[in-house]
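Engineer: Fold the following, please.
(chains A and B)
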Amino acid sequence: MAEQINEEIMRAWPRDVVGRSLFRLAYVLALAGGVLMCAVGLMVVVSIVGRALFSKPIYGDFELVAMGTAISVFLFLPYCHLTKNNVIVDLFLARAPERLRTFFDSVGSLLFGVIAAVLTWRSVLGGIDMHEYNETSMILSIPVWIAFPFIVFSLGVLSICCLYTAMKDLRRVVQ
Amino acid sequence: MSGFTIALIGIAVLLVLLVVRIPVGVAMLTVGIVGYWVLSGPDALLNYAKTATYWRFSSYDLSIVPMFLLMGQFAGRAGLSRALFDSASAFLGHRRGGLAMASIAGCAGFGAICGSSLATAATMAQVALPELKRLKYSNALATGTLAAGGTLGILIPPSIVLVIYAIEVEANITTMFQAAFVPGILAALGYVLTIFLYVTIKPEAGPVRPKASRQVMLRAFIDTWPVNLIFIVVIGGIYLGIFTPTEGAAVGAFGMGLIAWWKGGLDRQGFMDCLIGSAIFSAMIFLILLGAEFFNAFLALSRMPAEAAELIQNSGLAPLMVLTVMVLIYLVLGCVMDSLAMILLTVPIFWPIISGMDFGLTEDDLKVWFGIITLIVVEVGLITPPVGLNVFIINSMAKDVPMRETFGGVLPFLASDLIRVVLLVAFPMITLALPRLL
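Structural biologist: Here you go, the predicted structure:
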């Protein structure tokens, strides 16, 4: 899938190998999350049609919706960070020197990276807990832990992406 | 140190972090995590962090957000903004200021299939700005109209901010959507009236064009069928309880995807762009939600919201007075902050205060009424200087217009917004009638 990314999109990506690979990975993750979201939407539509025409909805579909949403949203996070689309209050420092702004951007990335790393670590343990306690959904009895590998992976990629942007901005400040 | 003081320090630190450009979600996460640690120690925090993230995102109701965003992306691809604008301008173009009114109508129509203000402003501006310019509409009127019209995207259901509010206060999303309808229509009418007054005073600002023939009108109207169809099915279905808001969103995204594909706007690359676009916007929203999860857990532990509510309730202040102060706070915050972040930050503190006061409404009605007022006031923030995101978007598309002129053009619409807020506060029935009827 990755080799088919539109050139126009890739032009905005950084030139260095690490940056480029991270952008590529994050893009593919976001796309995969989008596809999963579409699949969830399609399932809901099928369930409605089934309910309307044959009085046979997909049983417990809302559990799949909830789980699918959680997985997709985690998959979305890294690309949003890399493309700097997270909401900031850009008023007070709008006229400050570029170097100062880059410095604070780097601090923001670092904070985000540390938090993402902590959440990655906690989610590993959370997933193990879910597995050990055999936590399952109410109706379909889907084991909850199966969502966690995706979450851990996304959060892990997110931490690395944050670290990358933090280093990059910091280097620009020092130069 | 009491929990109350710690919470206040936390809020102060949060504001400092926001000032230095730390992303809103990250700032809330940071303060929330540190505050949680201070109040209950590291063990409780680490235990909470194991699964809190998963449970926050794993929600049937929240799945509405990415699905409505996807629907909006598809709608942008289906060329519907052009159909809407052409249709409205066929009916209104021969009147003074008619094309500006048509832009408002177009925004209202697009808002009915899209839950985001920025997307509505940007999409409608793409088709309306060139036409307004060609007919030599004044820059202030043209850009001001589109910036203000964009806010209809969120006022007229479906509305993503409203979904988040409903989840936050545990209100029924369907009821909230029903309640937003009349105020949304009022907003559109108010804007049209504003344009009418504007061109009455300044006739040269809104030139006329020749009247369209009846055939052209009919044709233009028929071309808007996808919008009408999707709106009736999705919003009608939700209003009448035929399906849940999540199901409505899924049906809407599916239908809109089909229409975009049928109109030829959705090839493989276009489809991928839509997925990525909705992924980025979803991530933006969900990061703030995650921040709010931790921040609100911290606030709840500090017991600050409950104590503040008690304090204000015992202070003998009139309920309307308190509400007015909140509206003013929103207007000030709105000058610098994003609407969703504002709701997630303030509602956990404001709602306990409001819910304990006597407005002569039941708790459920109060939730709905307060939610709609909040929604409108935070949306005003999108067009107030110095940070008005809608104004920025429109201004970046009309490069020859100075920012000052756009903000000037927005002023009359701001006045109309404020009058509407006063009306809705004074007459709760405007908001509550439709949900009661359905």
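
Engineer: Show the model's pLDDT score for the closest residue to chain A within the stretch 101-250 of chain B.
Structural biologist: Using CB to the nearest CB, the closest approach of the stretch 101-250 of chain B to chain A is made by residue B:250 at 3.8 Å. Every residue, glycine included, has its C-beta placed from N, CA and C. Among the per-residue scores, residue B:250 holds a pLDDT of 94.

Engineer: sec struct for it, please.
Structural biologist: Following DSSP: H, G, I helix; E, B strand; the rest coil, residue B:250 is assigned to helix.

Engineer: and it, what does it touch?
Structural biologist: Contacts for residue B:250 were tallied using CB atoms under 8 Å, 6 or more residues apart in numbering or on different chains; they are A:40-42, A:44-45, A:48, B:67.

Engineer: let's see it at 10 Å
Structural biologist: Residue B:250 is in contact with A:37-38, A:40-48, A:65, B:63-64, B:67-68, B:70-71, B:234, B:243-244, counting by CB atoms under 10 Å, 6 or more residues apart in numbering or on different chains.

Engineer: ChimeraX command to pick out the buried ones of those?
Structural biologist: Here is the ChimeraX selection string for the buried members of the contacts of residue B:250, based on 16 or more other CB atoms under 10 Å in any protein chain shown:
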select /A:37,38,40,41,43,44,45,47,48,65 /B:63,64,67,68,70,71,234,243,244
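
Engineer: The residue of the stretch 101-250 of chain B closest to chain A and residue A:47, how far apart?
Structural biologist: In this structure, residue B:250 lies at 9 Å from residue A:47, with CB to CB, to the nearest Å as the measure.

Engineer: Helices of the stretch 251-400 of chain B, residue ranges please.
Structural biologist: When assigned using DSSP state H, counting those that start in this stretch, the helices of the stretch 251-400 of chain B occupy the ranges B:268-302, B:304-314, B:319-334, B:339-355, B:363-380, B:389-397.

Engineer: can you give me how far the first one is from the chain middle?
Structural biologist: This points to helix B:268-302. 15 Å (CA atoms, centre = their mean, to the nearest Å).

Engineer: That helix to helix B:339-355, inter-axis angle?
Structural biologist: Computed by axes from the mean of the first three to the mean of the last three CA atoms, to 10 degrees, the angle separating helix B:268-302 from helix B:339-355 equals 30 degrees.

Engineer: if I look at residue B:250 and residue A:47, which residues touch both of them?
Structural biologist: A:65, B:243.

Engineer: returning to what we had before: export the helices of the stretch 251-400 of chain B to a markdown table and tack on mean neighbour count and mean pLDDT?
Structural biologist: Formatted as a markdown table, the entries for the helices of the stretch 251-400 of chain B read as follows, by neighbours: other CB atoms under 10 Å in any protein chain shown; pLDDT from 0 to 100:
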| stretch | mean neighbour count | mean pLDDT |
| --- | --- | --- |
| helix B:268-302 | 23 | 92 |
| helix B:304-314 | 16 | 88 |
| helix B:319-334 | 16 | 90 |
| helix B:339-355 | 21 | 89 |
| helix B:363-380 | 22 | 93 |
| helix B:389-397 | 21 | 84 |
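
Engineer: can you redo those helices as CSV with distance to residue B:10?
Structural biologist: As requested, the helices of the stretch 251-400 of chain B are arranged in CSV below (distance: least, CB to CB, whole Å):
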stretch, distance to residue B:10
helix B:268-302, 6
helix B:304-314, 9
helix B:319-334, 17
helix B:339-355, 11
helix B:363-380, 22
helix B:389-397, 27
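
Engineer: List just the one of those helices that sits closest to residue B:195.
Structural biologist: When these are compared by CB to CB, helix B:389-397 sits nearest residue B:195, at 15.6 Å.

Engineer: helices or strands up against the closest one?
Structural biologist: helix B:117-134, helix B:139-150, helix B:403-426 (3 or more CB pairs under 10 Å, 6 or more residues apart in numbering or on different chains; DSSP states H and E).

Engineer: just to revisit the earlier point, between the helices of the stretch 251-400 of chain B, which gets nearest to residue B:197?
Structural biologist: Ranking the helices of the stretch 251-400 of chain B by proximity to residue B:197 (CB to CB) places helix B:363-380 first, at 19.0 Å.

Engineer: What is the closest one packed up against?
Structural biologist: Helices and strands touching helix B:363-380, as assessed by 3+ CB pairs under 10 Å, 6+ apart, comprise helix B:139-150, helix B:152-155, helix B:160-169, helix B:173-201, helix B:319-334, helix B:339-355, helix B:403-426, helix B:429-437.

Engineer: Just give me the residue right at the centre of chain B.
Structural biologist: Among the residues of chain B, residue B:154 comes closest to the average C-alpha position under CA atoms, centre = their mean, at 3.2 Å.

Engineer: That one reaches residue B:372, doesn't it?
Structural biologist: No: here residue B:154 lies out of contact with residue B:372, judged by CB atoms under 10 Å, at a distance of 11.5 Å.

Engineer: hmm, back to that, so which of the contacts of residue B:250 sit within helices?
Structural biologist: A:37-38, A:40-48, A:65, B:64, B:67-68, B:70-71 (DSSP state H).

Engineer: what's the offset of the helix or strand bottoming out on mean pLDDT in chain A from the middle of its chain?
Structural biologist: Each helix and strand of chain A was given a mean pLDDT (mean pLDDT, DSSP states H and E); the minimum falls on helix A:7-11 at a mean of 76. When distances are taken as CA atoms, centre = their mean, helix A:7-11 is centred 21 Å away from the chain's centroid.

Engineer: What of stretch B:192-207?
Structural biologist: Centroid separation for stretch B:192-207 versus its chain: 26 Å, with CA atoms, centre = their mean.

Engineer: Name the helix or strand of chain B that has the lowest mean pLDDT.
Structural biologist: The weakest-scoring helix or strand in chain B, judged by mean pLDDT, DSSP H and E, is helix B:389-397 (a mean of 84).

Engineer: Pass me the low-pLDDT residue ranges in chain A, would you?
Structural biologist: A:1-4 (pLDDT under 70).

Engineer: separation between the residue in it sticking out farthest from the centre and residue B:63?
Structural biologist: Relative to the average C-alpha location in chain A, and by CA atoms, centre = their mean, no residue lies farther out than residue A:54, which sits at 37.2 Å. From residue A:54 over to residue B:63 the distance is 24 Å, taken as CB to CB.

Engineer: just to revisit the earlier point, which residues do residue B:154 and residue B:372 both contact?
Structural biologist: With CB under 10 Å, 6+ apart as the test, residue B:154 and residue B:372 both reach B:162, B:180, B:184.

Engineer: Same list (the residues you listed) but as CSV, adding pLDDT and distance to chain A.
Structural biologist: Listed next are the shared contacts of residue B:154 and residue B:372 as CSV, based on pLDDT from 0 to 100; distance: CB to the nearest CB, whole Å:
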residue, pLDDT, distance to chain A
B:162, 91, 18
B:180, 93, 23
B:184, 93, 24
